[in-house]
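> Just a sequence and a predicted model for now, questions to come.
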Amino acid sequence: MKKFICLFPTGEDIVLIKDVGMIPFYMYKDGHYDAYISFYKSKDELAYLSSDLKGLNYVQMNNIFHSELLSTFFFLIKNLFKYDVVMLFHPTPYKVLMINIIKLLSFNRTKFYFKIDADYRVVENDLYVNKWSSGIKRFLSKRIDLFSAESQAVCQYLDQRSYYHPVKYIPNGCVVPSKGIDNLVKENIFLTVGRLGTNQKDTETLMEAFALSCMDNNWRLVLVGPREEDFERYLISFFRRHPWAIGKIDLPGAIYNREQLNAIYQKSAVFVLTSRYESFGLVLLEAMIQGCYILSTALPPSKDILKDDTLGKTFPIEDSKELAKLMAGIVDNTIILPEPKHIQEYVINNYSWSIVVEKIASYLKKDIT
């Protein structure tokens with residue numbers, strides 16, 4: 001069987017249950033390739049390899065150069081004819097040049113897949129304006145077998161305006177649970193999961209919206225995740241301004257145990273994402289597979305997922321008043337939430353990792369170069 005490897009030198013245990021680990025794992029699990037993954041970390045530091053990703057091979061990458069680029073290049077040279085497909089993230093001109101060298105040395109035997117992992121800021125800032133060097137970069141990029149982006153808007157922009165070509169739309173996926181949620185009973189909980197208080201996650205907008213919409217009802221807010229120092233100071237100010245909220249907001253901290261986290265998803269009626277930017281937002285699928293209705297900032301991947309407006313709604317970035325209106329609509333039943341099992345079925349039918357990986361494998365099997 002042909003061999004597939006994902007190279008992500010700086011990887012930590014947590015990324016194994018995200019796209020970094022799940023794509024090679026499902027390449028193995030669904031029989032597409034004999035799959036491997038490689039980080040700097042020792043195998044002993046990667047607990048998910050033995051718990052959630054059994055069967056995925058691990059190869060530790062040496063960090064002798066203290067440079068991700070040079071370490072990756074040395075690894076590829078050392079294993080020049082061992083792997084048939086190499087998956088990488090975040091293409092840069094130097095990475096693309098490196099791959100061109102490997103292509104020449106391997107007589108074009110090895111295929112390369114770049115997951116671009118870009119959010120909408122590349123479009124807003126027009127990061128790929130034509131320069132004199134763009135022609136060279138475009139020529140070198142033609143030897144890459146597959147580029148992919150996670151939202152349709154970003155994919156279209158990159159395909160038309162960047163030197164990456166062709167760029168395919170391949171969203172992220174979700175692990176399908178072993179059993180359905182037919183008899184699940186949801187509680188009146190608004191939930192978010194992430195790095196609380198970071199600029200990206202904009203947790204403050206969610207809390208201000210909760211203060212505007214949930215003072216006189218029985219809905220609660222649960223905030224799961226590690227907290228930034230600035231956010232700790234914000235919490236003191238928030239509860240000083242809204243003392244009634246002290247008993248209605250839960251802050252359990254970071255939860256890494258998947259069963260415990262899924263239990264919180266399963267009892268929460270609504271998941272709220274207030275991010276200013278996301279390349280995809282895997283957490284949306286994690287919530288939806290457990291039957292959560294979605295309220296999300298109007299990011300391109302959120303629009304892709306919630307395209308028919310029946311499983312969730314979007315609101316403008318940093319707009320706590322508009323979010324508060326949506327939350328109030330849910331509280332007073334102006335917005336009717338669908339059955340949790342219908343949300344889960346939609347994700348299973350459109351975003352299971354098996355479906356996503358099948359799409360990647362089908363592109364790689366074609367002679368794209």
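Structure's in. What do you need?
> so L140 makes contact with V96?
Yes - contact status for L140 versus V96: in contact at 5.0 Å, counting by CB atoms under 8 Å. Heads up, the C-betas are built off the backbone N, CA and C, glycines and all.
> tell me the domain ranges of the protein?
Residue ranges of the domains in the chain are recorded as 3-173+352-365, 187-350, according to automatic domain parsing.
> G253 touches P226, doesn't it?
Yes - look at G253 against P226 with CB under 8 Å: they come within range, at 6.9 Å.
> And the helix or strand of the chain with the lowest mean pLDDT, what's buried?
None of the helices or strands of the chain scores lower by mean pLDDT, DSSP states H and E than helix 134-141, at a mean of 84. Buried residues in helix 134-141, defined by neighbour count with 16 or more other CB atoms under 10 Å: 137, 140-141.
> possible to save those as a markdown table with distance to L306?
Formatted as a markdown table, those follow (distance: CB to CB, whole Å):
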| residue | distance to L306 |
| --- | --- |
| K137 | 35 |
| L140 | 37 |
| S141 | 32 |
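> now, among these, which is nearest to Y28?
Ranked by distance to Y28 (CB to CB), those are led by S141 at 28.2 Å.
> Verify the stated contact: the closest one with P166.
No - the pair S141 and P166 does not pass the contact test of CB under 8 Å, sitting 9.8 Å apart.
> Overlap of the contact sets of these two?
Here S141 and P166 share the contacting residues F147, scored by CB atoms under 8 Å, 6 or more residues apart in numbering.
> Okay, now the unreliable bits of this protein?
Where the chain drops to pLDDT under 70, the residues are 127-133, 367-369.
> hmm, back to that, so for I181, which of the domains of the chain sits nearest?
Comparing those under CB to CB, the one sitting nearest is domain 187-350, at 5.1 Å.
> mind checking how far the closest one is from the chain centre?
Distance of domain 187-350 from the chain centroid (CA atoms, centre = their mean, to the nearest Å) equals 16 Å.
> quick one: what helix or strand has L223 in it?
L223 is located in strand 220-224, with elements delineated by DSSP states H and E.
> Pull that strand out as PDB, backbone CA atoms only.
Output for strand 220-224, consisting of C-alpha atoms alone and laid out as PDB, is shown next (Å, rounded to 0.1, in the frame of the first residue of the first chain):
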ATOM      1  CA  ARG A 220     -27.200  30.100  31.500                       C
ATOM      2  CA  LEU A 221     -23.800  30.800  29.900                       C
ATOM      3  CA  VAL A 222     -21.000  28.300  30.000                       C
ATOM      4  CA  LEU A 223     -17.500  29.400  28.900                       C
ATOM      5  CA  VAL A 224     -15.100  26.400  28.500                       C
END
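> just the strands in the stretch 151-300 of the chain please.
Assigned strands in the stretch 151-300 of the chain, in chain order: 167-169, 187-193, 220-224, 249-253, 268-273, 293-297 (criterion: DSSP state E, counting those that start in this stretch).
> Out of those strands, which gets nearest to V356?
In this view, the strands of the stretch 151-300 of the chain are compared for proximity to V356 by CB to CB, and strand 167-169 is the closest at 11.0 Å.
> how deep is D145 tucked in, by neighbour count?
D145 sits with 20 neighbouring residues when counted by other CB atoms under 10 Å.
> how much space is there between it and L88?
Here the distance between D145 and L88 works out to 11 Å (CB to CB, to the nearest Å).
> Show me whatever sits in contact with both of these two.
112-113.
> Now the residue nearest the centre of the chain. Nearest residue, chain neighbours left out?
Nearest to the mean C-alpha position of the chain, by CA atoms, centre = their mean, lies L282 at 3.7 Å. What sits nearest to L282 in space, not counting adjacent residues and going by CB to CB, 6 or more residues apart in numbering, is N172, at 5.3 Å.
> What of G281?
If you skip the residues right next to it in sequence, G281 has P301 as its closest partner in space, 5.4 Å away by CB to CB, 6+ apart.
> three-state assignment of the one you found?
helix (DSSP: H, G, I helix; E, B strand; the rest coil).
> how much space between I360 and V96?
Here the criterion is CB to CB. By it, I360 lies 19 Å from V96.
> now E232
Distance of E232 to V96, computed by CB to CB: 42 Å.
> Those two - which one has more neighbours?
The residue with more neighbours, out of E232 and V96 and counting by other CB under 10 Å, is V96; that gives 22 against 11.
> Against M98, how distant is L104?
Between L104 and M98 the computed distance is 11 Å (CB to CB).
> out of those two, which sits in the busier spot?
In this view L104 and M98 are compared by other CB under 10 Å, and M98 has more residues nearby, 20 against 10.
> quick one: which helix or strand includes that one?
Per DSSP H and E, M98 falls inside helix 93-105.
> quick check, F4 in a helix?
No - note on F4: no helix contains this position according to three-state DSSP, which reports strand.
> beta partners of it?
On DSSP bridges, the residues paired with F4 through beta bridges are A35, V85.
> In terms of secondary structure, what does the least confident helix or strand of the chain contact?
With contacts defined as 3 or more CB pairs under 8 Å, 6 or more residues apart in numbering; DSSP states H and E, helix 134-141 has these neighbours: helix 93-105.
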